[in-house]
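Novice: build me a model from this:
(chains A, B, C and D)
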Protein chains: 2
Amino acid sequence: MVKKSTAQRRRSGPKWARRPEDRPREILAAALRVFAERGYNATRLDDIAAAAGVTKGTIYYYFKNKDALLLQLAQAGDREEFARMEVLLADNAGSYSSQLRTVMRKGFAEPTDEARRQLRMVYLALHSDEPRLFARAVQGALVDGWALIVKLIERGQATGEFRADVDGPVAARIFTSGLLLQQLWRSSLGLETLDPFDNGRMVDSSIELFLHSLRPTVRLRAVETRRKARPS
Amino acid sequence: MVKKSTAQRRRSGPKWARRPEDRPREILAAALRVFAERGYNATRLDDIAAAAGVTKGTIYYYFKNKDALLLQLAQAGDREEFARMEVLLADNAGSYSSQLRTVMRKGFAEPTDEARRQLRMVYLALHSDEPRLFARAVQGALVDGWALIVKLIERGQATGEFRADVDGPVAARIFTSGLLLQQLWRSSLGLETLDPFDNGRMVDSSIELFLHSLRPTVRLRAVETRRKARPS
DNA sequence: TCAATATCTGACTTCATGGTCAAAAAGAGC
DNA sequence: GCTCTTTTTGACCATGAAGTCAGATATTGA
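Specialist: Numbers count the residues shown, from 1 in each chain, chains lettered A, B, ... in the order given. Have a look, this model is predicted:
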């Protein structure tokens, strides 16, 4: 994507060129690549600089610091993600259940395109490297995501598709956070070894749990009140 | 609890005493206090040493390193927590719903006793200081907790109190992780400001969501199949 | 009393990268 | 060509607590 060797050491040409228009984009692109490969902490600013064909000083000419670099990356990626989500929902005029299913799947299933996959890798590493920065990076997207989910739940409640007494805001937060934490622990930390679990099952089951918790029920009194036969 | 000034500088007495039986306990107790107050990273081993009335070298005489100190602390606390939980459940021979409610409340509501509260503070700080260590520290308790919850769900399924087709292991993991991540973000990171939420509501609503997702339902077909009137 | 040993001390070492900045180089304008 | 400004370079710096270890001190046992 970035032409690296184009003007590299043209015989007795200038040592470097001024390219203020392109540098920021190139640096950001390089940062995404390198962060995704090595993780946030393990990435040296010199690595990014090298990958972008500049030196560290140049990064500081265009960005405040390492955190800012990461934050810009995350914001851009999340904006794109949300734009896609809206298109997806516009196309999907099914029940609110199916819209919620779409949102959750899109949000938590493995991404197929490379850029999105890279951003996820960055997030995974970031969570175990710098949780505070991670929180800053994902907060915006999460709050927006929660608002979207709550909106869908409320509309479903209005039509009677979902039960009226469900706590929508809490539901949105609990299910997304649960899925997220599971994924974080499983990929970057060692949980997968200790407690192996398939991500597809995790996502699908969670979504079903989520939708089931929203659906109206008829309590089966006979079962509900039943007690164990023998007292312990 | 720890007699600090008892033999402190008795006139021309010995500079220090050998107390190999008590040192480890005292160091651990001091570590819990200081970690809870200042957080893991901000705590200097010299601080703990001072609080325990020894010097840093002594800590290294009894413990491998700072992490080991933390890990021992966590393990001891969690063992105690589980013991209490079992007693609590033995006393509570109600429905499986109510047992699950008890477990979740005990696990996530604000603790009342000081030691337990301190351990929570330690965990909160640890999560944002050293996520990998945090994961190691809580993994054991979580895996055991999940097993307990799954057991209760399965028993409830056997009696018909819960629906048969629920994915118990996923349910256990999602709800606990969701609640946990919410609490972590809200206390040690800045989420509470951006997205204020009452912890009591969070816990209670989550539990209800959890139980509702386990309960058998009678699908209301008329509502379930309904689609939005206008196609997009 | 005097080793021998267990316990404890505290000064010292160590280590690597994010960030700074003066100066060099490029290029625009005249 | 010659300034002047913008862009880029790259050598340098600052930092701070975890962990080590040689030796000091207490205790035990004979």
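
Novice: so which bits of chain A are right by DNA strand C?
Specialist: Residues of chain A found near DNA strand C (C-beta under 7 Å from any atom of the strand) are A:14-18, A:41, A:43-46, A:56-57, A:60, A:65-67. Heads up, the C-betas are built off the backbone N, CA and C, glycines and all.

Novice: sort out which of those residues are buried, if you could.
Specialist: When the residues of chain A next to DNA strand C are checked for burial by 16 or more other C-beta atoms under 10 Å in any protein chain shown, the buried set is A:43, A:45, A:66.

Novice: per-residue pLDDT, whatever residue of chain A ends up closest to DNA strand D?
Specialist: Using C-beta to the nearest atom of the strand, the closest approach of chain A to DNA strand D is made by residue A:57 at 2.2 Å. Predicted confidence (pLDDT) for residue A:57: 94.

Novice: what does it show for phi and psi?
Specialist: phi -60, psi -40 (degrees, to the nearest 10).

Novice: quick check: end-to-end length of stretch A:16-32?
Specialist: 23 Å (C-alpha to C-alpha, to the nearest Å).

Novice: buried residues in the helix or strand encompassing residue A:173, which are they?
Specialist: Using DSSP states H and E, residue A:173 falls within helix A:168-187. Neighbour-count burial for helix A:168-187 flags A:168-187 (criterion: 16+ other C-beta under 10 Å).

Novice: helices and strands around whichever helix or strand comes after that helix, which ones?
Specialist: Downstream of helix A:168-187, the next assigned helix or strand under DSSP H and E is helix A:191-194. When contacts are defined as 3 or more C-beta pairs under 8 Å, 6 or more residues apart in numbering or on different chains; DSSP states H and E, helix A:191-194 sits against helix A:168-187, helix B:131-159.

Novice: and after helix A:191-194, which helix or strand comes next?
Specialist: Next in line after helix A:191-194, if elements are assigned by DSSP H and E, sits helix A:199-214.

Novice: list the contacts for residue A:56?
Specialist: Neighbouring residues of residue A:56 by C-beta atoms under 8 Å, 6 or more residues apart in numbering or on different chains: A:45, A:46, A:49.

Novice: export the residues you listed to JSON lines and tack on distance to residue B:159?
Specialist: Formatted as JSON lines, these follow (distance: C-beta to C-beta, whole Å):
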{"residue": "A:45", "distance to residue B:159": "60"}
{"residue": "A:46", "distance to residue B:159": "63"}
{"residue": "A:49", "distance to residue B:159": "64"}
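
Novice: what strand or helix carries the residue in chain A that DNA strand C sits nearest to?
Specialist: Among the residues of chain A, residue A:14 lies closest to DNA strand C, at 2.9 Å counting by C-beta to the nearest atom of the strand. Assigned by DSSP H and E, residue A:14 belongs to no helix or strand.

Novice: what of residue A:72?
Specialist: Counting by DSSP H and E, residue A:72 is found in helix A:66-91.

Novice: helices or strands up against that helix?
Specialist: Helix A:66-91 packs on helix A:23-38, helix A:96-108, helix A:114-129, helix A:131-159, going by 3+ C-beta pairs under 8 Å, 6+ apart.

Novice: hang on, the earlier thing: could you export the helix holding residue A:173 as CSV, CA atoms only?
Specialist: The C-alpha coordinates for helix A:168-187 follow below in CSV (Å, rounded to 0.1, in the frame of the first residue of the first chain):
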residue,chain,number,x,y,z
GLY,A,168,-32.6,-2.8,28.6
PRO,A,169,-29.5,-0.7,29.4
VAL,A,170,-28.2,-3.3,31.8
ALA,A,171,-28.9,-6.1,29.3
ALA,A,172,-27.0,-4.2,26.6
ARG,A,173,-24.0,-3.7,28.9
ILE,A,174,-23.9,-7.1,30.5
PHE,A,175,-24.0,-9.2,27.4
THR,A,176,-21.5,-7.1,25.4
SER,A,177,-19.2,-6.9,28.4
GLY,A,178,-19.4,-10.6,29.0
LEU,A,179,-18.6,-11.5,25.5
LEU,A,180,-15.9,-9.0,25.3
LEU,A,181,-14.1,-10.1,28.5
GLN,A,182,-14.3,-13.7,27.5
GLN,A,183,-12.7,-12.9,24.2
LEU,A,184,-10.0,-10.8,25.7
TRP,A,185,-9.1,-13.4,28.3
ARG,A,186,-9.2,-16.2,25.8
SER,A,187,-7.0,-14.6,23.2
